[in-house]
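*Asks:* Structure of the sequence below:
(2 chains)
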Amino acid sequence: MTTYYSEEHEWITVEGGSATIGITAHAAEQLGDIVFVDQKEEGDEFESGDEIGVIESVKAASEIFAPVDGEIIEANELLQSNPATLNENPEADAWIYKVKLSDPSQLEGLMDLAGYKTFIT
Amino acid sequence: MSDTPKRTALYDLHCALGGKMVDFAGWEMPVQYPMGIMGEHQHCRSKAALFDVSHMGQVLLHGPNAAEKLEALVPAALSNLPEGRARYTFFTNDTGGIMDDLIVANAGDHLFLVVNASMRTQDIPHMKAHLKDVEVTEIFDRALIAVQGPSAQEVVASHCPQAAQLSFMQTCEALIGGTLCRISRLGYTGEDGYEISIPEAEAERITRLMLDHPDCAPAGLGARDSLRLEAGLCLYGNDITPDTSPIEADLSWAIQKRRREEGGFTGAARIIAELEYGAARKLVGIMPQGRAPARAGVEIHDLDGNAIGEITSGGFGPTVQGPVAMGYVQADHSAPGQELHLIIRGKPQPATVCALPFVPQKYKR
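*Replies:* The predicted structure follows:
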């Protein structure tokens, strides 16, 4: 299991050909109090850079951009009933999608934790 | 316009309190503190919140019959405004649109005005050009803070007993911590509270006195916006603009009887006609039925898919615990209960017109 990070402040944890996507604690803190998440549906396909959802905080709406190409296998329903979980636990319980990767080699273009930490400082 | 944002007298205090500073109308202001917008909003509704509103323009009008002369530019009745009373009004343009909204207070030997930060550079020349023999003085050496919420009286009166004697829209000069301040019982959150004009050199000391009270916490522009939206109060530039008339904006309550009968203010022809015959569109409260906030710019459709208006302010209401919005709709779709669709990210979302405010106003009358 390996976790990668994007410049758009998503994390993606990979196990075999499937992966879980979420936003980083840094992103959640910047967004402030999250009140609604507009998620795509199971079966939706996307390419790296596509908008794959919107996170609404009290302040503003922010898009989620796909870090890689793939297909949505599952959207986390917890975020519909309790969007604030994204503030409380963005890197675990509040994952946004489980996805199937189209091209795992794209992961090499992302950062590791150390790289991301440098990126945000 | 200068590129470097200006700082208020409370800038250092905002930083010390952990305020997240943003550029707002050319001023470096706190959008929130570590408590967060949601927490600051709730604190204001349950206890008391303190806002720095020093970016707003404070203006003095001196001269004979200044109130009567100002009536040529605004539709409020001011010539009979008693000393120590304040009134909400707006500058109107030739076509009956709104150039800015403001508070006018009768301070005895002069009028005390508070105008929007972004409109200072318009309003002051506008008054200087049109108010003959009135001295228009923009004040640069006084801070302005707002203390708002059910505990506001306790917070302010603990340093200034006279504050407790004021009713909504009354104003006086009084000492706070040994400094003479102008204290007005009004605000823009829907809660009871005060705005206090303080000499800049004493601003941080007096603000800290207020914050020392256990019920009083600092709040930023984010909470100020969600509070005023829930209270159904218009944001200049969004809900009211040079293209919207006061009647469209449902502000006819701010045009007193004598002014409706006599006119004599800029744009009176359209405004008086709309008072009589109604406006073609109206600003209404809109409650989305789902959880997605509808923000400014969202198109409003009727149930048949015809475009009938646009959201001008919208977001999440922390007290309502759901999305709330205001927007203009065609008058025949403006009755409370009217079902609408809001086009959010291309998809129609059901919503209902509802009476404003979303949260009852708690002014001390």
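*Asks:* any idea how far residue B:312 is from residue B:233?
*Replies:* Residue B:233 sits 12 Å away from residue B:312, going by Cβ to Cβ, to the nearest Å. Just so you know, the C-beta spots here come from the backbone N, C-alpha and C atoms, and that holds for glycine as well.
*Asks:* more crowded one of those two?
*Replies:* Between residue B:233 and residue B:312, counted using other Cβ atoms under 10 Å in any protein chain shown, the more crowded position is residue B:312 (24 against 20).
*Asks:* tell me the SS of the more buried one?
*Replies:* Under the three-state scheme (DSSP: H, G, I helix; E, B strand; the rest coil), residue B:312 adopts strand.
*Asks:* Give me the distance between it and chain A.
*Replies:* Residue B:312 sits at a distance of 16 Å from chain A (criterion: Cβ to the nearest Cβ, to the nearest Å).
*Asks:* Pretty sure that residue sits against residue B:327.
*Replies:* Yes. Counting by Cβ atoms under 8 Å, residue B:312 does reach residue B:327; the two are 5.2 Å apart.
*Asks:* any common contacting residues for those two?
*Replies:* Common neighbours of residue B:312 and residue B:327, counting by Cβ atoms under 8 Å, 6 or more residues apart in numbering or on different chains, are residue B:283.
*Asks:* Run through chain B and note the low-pLDDT ranges.
*Replies:* B:1-2 (pLDDT under 70).
*Asks:* Can you pull up the residues of it that come close to chain A?
*Replies:* Neighbours of chain A within chain B, by Cβ under 8 Å from any Cβ of the partner chain: B:31-32, B:36-39, B:41, B:222, B:226, B:291-293, B:295, B:315-316, B:318, B:323, B:345.
*Asks:* Spell out the residue ranges of the helices in chain A.
*Replies:* A:25-31, A:78-81, A:85-88, A:113-120 (DSSP state H).
*Asks:* looking at the ones you listed, which is buried most?
*Replies:* Burial of the helices of chain A is given as mean neighbour count (mean count of other Cβ atoms under 10 Å in any protein chain shown); helix A:85-88 ranks first at a mean of 19.
*Asks:* hmm, that helix touching chain B?
*Replies:* No. Applying Cβ under 8 Å from any Cβ, one finds helix A:85-88 separated from chain B by no less than 8.8 Å.
*Asks:* Look up how far residue B:132 lies from residue B:67.
*Replies:* For residue B:67 relative to residue B:132 (Cβ to Cβ), the value is 14 Å.
*Asks:* Residue B:294 too?
*Replies:* 46 Å.
*Asks:* who has more neighbours, these two?
*Replies:* More neighbours surround residue B:294 than the other of residue B:294 and residue B:132, with 26 against 8 (other Cβ under 10 Å).
*Asks:* can you pull the contacts of the more buried one?
*Replies:* Here residue B:294 is in contact with B:286, B:288, B:311, B:314, B:323, B:325, B:327, B:342, B:344, B:349, B:351 (Cβ under 8 Å, 6+ apart).
*Asks:* beta partners for the second one?
*Replies:* Meaning residue B:288. residue B:351 (DSSP bridges).
*Asks:* can you list the residues of chain A near chain B?
*Replies:* Residues of chain A lying close to chain B by Cβ under 8 Å from any Cβ are A:32-33, A:35-36, A:38, A:54, A:56, A:58-61, A:80, A:83.
*Asks:* pLDDT for those - can I get that in a markdown table?
*Replies:* Converted to a markdown table, these look like this (pLDDT from 0 to 100):
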| residue | pLDDT |
| --- | --- |
| A:32 | 92 |
| A:33 | 94 |
| A:35 | 96 |
| A:36 | 96 |
| A:38 | 96 |
| A:54 | 96 |
| A:56 | 96 |
| A:58 | 91 |
| A:59 | 85 |
| A:60 | 88 |
| A:61 | 92 |
| A:80 | 95 |
| A:83 | 96 |
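*Asks:* Buried only: go through those for me.
*Replies:* Listed as buried from the residues of chain A next to chain B are A:32-33, A:35-36, A:38, A:54, A:56, A:58-59, A:61, A:83; burial here means 16 or more other Cβ atoms under 10 Å in any protein chain shown.
*Asks:* what separates the residue lying farthest from the centre of chain B from chain A, distance-wise?
*Replies:* In terms of distance from the mean C-alpha position of chain B, residue B:304 ranks first, at 35.4 Å (Cα atoms, centre = their mean). Here residue B:304 is placed at a distance of 25 Å from chain A (Cβ to the nearest Cβ).
*Asks:* what's the answer for residue B:10, then?
*Replies:* In terms of Cβ to the nearest Cβ, residue B:10 sits 21 Å off from chain A.
*Asks:* With residue B:329 instead?
*Replies:* Going from residue B:329 to chain A by Cβ to the nearest Cβ gives 22 Å.
*Asks:* On the strand side of things, show who that residue bridges to.
*Replies:* Beta bridges link residue B:329 to residue B:282, residue B:309, judged by DSSP bridges.
*Asks:* and the buried ones among the residues of chain A next to chain B as CSV, adding distance to residue B:266?
*Replies:* Shown next, in CSV, are these (distance: Cβ to Cβ, whole Å):
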residue, distance to residue B:266
A:32, 41
A:33, 42
A:35, 41
A:36, 42
A:38, 44
A:54, 42
A:56, 40
A:58, 37
A:59, 36
A:61, 37
A:83, 46
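*Asks:* Between those residues, which sits nearest residue B:193?
*Replies:* For these, the closest approach to residue B:193 (Cβ to Cβ) belongs to residue A:58, at 20.9 Å.
*Asks:* mind pulling up the phi and psi values for residue B:96?
*Replies:* When read as degrees, to the nearest 10, the backbone of residue B:96 gives phi 80, psi 10.
*Asks:* could you check the distance from it over to chain A?
*Replies:* 33 Å.
*Asks:* Quick check: that residue vs residue B:270, distance?
*Replies:* 3 Å.
*Asks:* Could you pull out the residues contacting both of the two?
*Replies:* What both residue B:96 and residue B:270 touch, as defined by Cβ under 8 Å, 6+ apart, is the set residue B:245.
*Asks:* the more surrounded of those two?
*Replies:* Per other Cβ under 10 Å, whichever of residue B:96 and residue B:270 has more neighbours is residue B:96, with 25 against 19.
*Asks:* and the closest residue to residue B:142 other than its chain neighbours, what is it in contact with?
*Replies:* With sequence-adjacent residues excluded and distances taken as Cβ to Cβ, 6 or more residues apart in numbering or on different chains, residue B:142 is closest to residue B:197, at 5.1 Å. By Cβ under 8 Å, 6+ apart, residue B:197 lies in contact with B:58, B:112, B:139, B:142-144, B:181-182, B:184.
*Asks:* In strands, which of these fall?
*Replies:* Of these, the ones assigned to strands by DSSP state E are B:58, B:112, B:139, B:142-144, B:181-182, B:184.
*Asks:* Fine by me, we can end here.
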